[in-house]
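> For reference, the sequence and a predicted model appear below.
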Amino acid sequence: MTQRTPVTFEMARQIALALPGVEEGTSYGAPAFRVRGKFLARLREDGATLVVKCDYRCKNLLLSSIYPPSSAAQPQEDWLRV
């Protein structure tokens, strides 16, 4: 199995700020990113978890690219914690 390099917040920050219209700010006192004033992502208070706004189809696609398929249904929320 190939070992993956963990993504740091700084790496996520560079990716986010490279996207058009993304601005850096804060949410609940933690670093966050918005697009045209709408929430995109933020670092949770634990300093290790990034919360990303996405619809359930995007979330399931992202999760299936990381984890093997599961028989357990994923909740259809707009938040993905990575």
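In hand now; what should we look at? Numbers count the residues shown, from 1 in each chain.
> quick one: the strands in the protein?
For the chain, the strands defined by DSSP state E cover 22-27, 30-35, 38-43, 50-53, 79-81.
> which residues pair with the residue positioned nearest the centre of the chain across the strands?
Nearest residue to the geometric centre of the chain (CA atoms, centre = their mean): Val52, 3.1 Å. Val52 has these beta-bridge partners by DSSP bridges: Ala41, Leu80.
> Would you check that it makes contact with Arg44?
No - counting by CB atoms under 8 Å, Arg44 is not a contact partner of Val52; they are 11.0 Å apart. For every residue, glycine as well, the C-beta is placed using N, CA and C.
> who's in contact with Leu43?
Listed by CB atoms under 8 Å, 6 or more residues apart in numbering, the contact set of Leu43 reads 9, 30-32, 49-51.
> In ChimeraX, how would I select the buried members of the residues you listed?
Those of those that count as buried under 16 or more other CB atoms under 10 Å are selected in ChimeraX with:
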select :31,32,50,51
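> okay, the contacts of Leu43 in TSV with distance to Thr2 next?
Listed next are these as TSV, based on distance: CB to CB, whole Å:
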residue	distance to Thr2
Phe9	23
Ala30	31
Pro31	30
Ala32	31
Thr49	23
Leu50	22
Val51	26
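> just the contacts of Leu43 now: which is nearest Val22?
Using CB to CB, Ala32 comes nearest to Val22 of the contacts of Leu43, at 10.5 Å.
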